[in-house]
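Visitor: Quick one, what's the 3D model for this:
(chains A and B)
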Amino acid sequence: MLTKRIIACLDVTAGRVVKGTQFLNLRDAGDPAELARAHTASGADEIVLLDISATHEGRTTLLDTVRRTARGLFIPFTVGGGIRTLDDATAVFDAGADKISINSAAVADPELIETIAARYGSQAVVVAIDAGFHTELTQSLNNIDVGFDGAEVMTSGGRRPTGRKVIDWAAEAERRGAGEILLTSMRKDGTRSGFDCELTSRVAQTVRIPVIASGGAGSAQHFVEVFTNGRADAALAASIFHFGVHSVGELKETLQSNGIPVRWPC
Amino acid sequence: MSAQIAILDYHAGNMASVQKAFEHLGANVIITSSPMDVCRTGKIVLPGVGHFDSTRTLDALGLREPVLDAISTDTPFLGICVGMQWMYNGSVEAPEVAGLRLIDAECIRFPAEVKSPHVGWNTLQKTGESKLLAGVANGSYVYFTHSYRAPVTSDCVAATEYGGKFAATVERGNIFGVQFHPEKSGELGLQILRNFCEL
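Guide: As a prediction, the model looks like this:
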């Protein structure tokens, strides 16, 4: 039986793993290569490394970090942040990534999804979507329409609104060749109050490709909820693993006892 | 582990990951597109990700005949993912591209009732004796990512369930194929590659 994946995320800036709350207030969480190995040993199904600075001068550091992290890693490894062109993607694949995650650049140039998928295959292309939220009032004040759920695609690390509906963009990404959707709910990210099951479920029922839920993980019960009510195929978290609130192994035991298929023991 | 392993480069596989895994095991590997290297090498690995159409490059590089010759003279051959699918007659993903026809069947799409691609960790149900899967327990988890699949035939030694059973591992004499990615399947995947090294 296909299992639900638990993905450990490393948000990296200047070669170090950091973690913030709602995209702000960063604090140091350790060395990416060491954390990737530790999470793998404790049962993570996949590692995602996101370069959250993604500045021009940071690229060389990032590639070095990717190379170092990939070296001893024998599970799937996704890298995102600052990938704007096929050449950027190639550099990251050459450094040892199995998949790349693209976000702002795909919104700005949706053909980038097709270009990278044509060269490396859809299985190597994850489209990350950061979902911000509007009320009816803020929609009318800003003269935009992102639909009844108010979920709007945000870019540039959650800073720039695009006026696009999350559901529409997810469907377009799939049509253009994305292999997976990594969906982060900004109203949940860093809060540890649970995943956004409502939004995740809506996206998961819209597309035919796997959806990775992200943002809000605080307890094992939150994962149970996102795999049932949220219909997620995979769930991603960072700080609850780094700071030892839960090891991936403990989490998987809880999931298993709740009837969720997971790779455990592994 | 002394026999040299040639990993075939046809500009579509994740050669670097496969190379890294074999080197981690202490194997002597080269990445090559040269028919001459295929003739000389001790073992052949054909990695693969992506579209079946990319296997047409193997013909463009003149690799089909040397690979078939090597297989007929008992050189161990391992196809991974699309590399395994190349061992069949072909795939509906690219019907005009011929496979190696080592296994008389065709690769097909997943049925519409399941999400495709099939991405993630799924279990191996062993269905026969296998040298490649020596020491691998029934029900072990391995990592898949693919949209097409091979049917279960008499050469299938492990099957996986996803919208029906499909061939996860095939083995016949000196030819081996895995639909999953041993280079991405943790310690268990490394064990499978070690088994291939030790053949």
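Visitor: all contacts plus neighbour counts: C-alpha atoms, from now on.
Guide: Fine.
Visitor: any residue of the lengthiest helix in chain B up close to chain A?
Guide: Longest helix in chain B, counting residues (DSSP state H): helix B:186-197. Yes. Judged by CA under 8 Å from any CA of the partner chain, helix B:186-197 comes into contact with chain A at B:186-187.
Visitor: Can you report how many residues lie near residue B:41?
Guide: Residue B:41 sits with 18 neighbouring residues when counted by other CA atoms under 10 Å in any protein chain shown.
Visitor: do residue B:138 as well
Guide: 13.
Visitor: Tell me the residues of chain B that contact chain A?
Guide: Counting by CA under 8 Å from any CA, chain B sits next to chain A at B:12, B:14, B:16-17, B:20-21, B:49-51, B:115-117, B:119-123, B:141, B:145-146, B:160-162, B:183-187.
Visitor: of the residues you listed, buried ones?
Guide: B:12, B:14, B:16-17, B:20-21, B:49-51, B:115-117, B:119-123, B:141, B:145-146, B:160, B:162, B:183-187 (16 or more other CA atoms under 10 Å in any protein chain shown).
Visitor: In strands, which of those fall?
Guide: Of those, the ones assigned to strands by DSSP state E are B:119-123, B:141, B:145-146, B:160.
Visitor: could I get these as JSON lines with distance to residue B:77 and pLDDT?
Guide: Shown next, in JSON lines, are these (distance: CA to CA, whole Å; pLDDT from 0 to 100):
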{"residue": "B:119", "distance to residue B:77": "25", "pLDDT": "95"}
{"residue": "B:120", "distance to residue B:77": "25", "pLDDT": "97"}
{"residue": "B:121", "distance to residue B:77": "24", "pLDDT": "98"}
{"residue": "B:122", "distance to residue B:77": "24", "pLDDT": "98"}
{"residue": "B:123", "distance to residue B:77": "23", "pLDDT": "98"}
{"residue": "B:141", "distance to residue B:77": "23", "pLDDT": "98"}
{"residue": "B:145", "distance to residue B:77": "21", "pLDDT": "94"}
{"residue": "B:146", "distance to residue B:77": "21", "pLDDT": "92"}
{"residue": "B:160", "distance to residue B:77": "22", "pLDDT": "98"}
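Visitor: centroid residue for chain A?
Guide: In chain A, the centroid-proximal residue (CA atoms, centre = their mean) is residue A:182; its distance is 4.3 Å.
Visitor: Can you give me the pLDDT of it?
Guide: As predicted, residue A:182 sits at a pLDDT of 98.
Visitor: Can you show me the helices along chain B?
Guide: Going by DSSP H, chain B shows helices at B:15-24, B:35-40, B:56-60, B:64-72, B:82-85, B:186-197.
Visitor: among the ones you listed, which is the most enclosed?
Guide: helix B:82-85 (a mean of 28; mean count of other CA atoms under 10 Å in any protein chain shown).
Visitor: I'd like the mean pLDDT over that helix, please.
Guide: Across helix B:82-85, the average pLDDT comes to 95.
Visitor: chain center to that helix: distance?
Guide: 5 Å (CA atoms, centre = their mean, to the nearest Å).
Visitor: neighbours of residue B:73, just the number please.
Guide: With other CA under 10 Å as criterion, residue B:73 counts 10.
Visitor: on that earlier part again, which residues does the longest helix of chain B contact?
Guide: A:73-75, B:1, B:3, B:21-22, B:25, B:27, B:78, B:131-136, B:140-142, B:181-183 (CA atoms under 8 Å, 6 or more residues apart in numbering or on different chains).
Visitor: re earlier: then whichever helix or strand the residue nearest to the centre of chain A is part of to PDB, C-alphas only?
Guide: Assigned by DSSP states H and E, residue A:182 belongs to strand A:180-185. Provided in PDB are the C-alpha atoms of strand A:180-185 (Å, rounded to 0.1, in the frame of the first residue of the first chain):
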ATOM      1  CA  GLU A 180       3.700  17.500  -7.100                       C
ATOM      2  CA  ILE A 181       2.200  20.500  -5.400                       C
ATOM      3  CA  LEU A 182       3.800  21.800  -2.100                       C
ATOM      4  CA  LEU A 183       1.000  23.900  -0.500                       C
ATOM      5  CA  THR A 184       1.900  26.200   2.400                       C
ATOM      6  CA  SER A 185      -0.900  28.000   4.200                       C
END
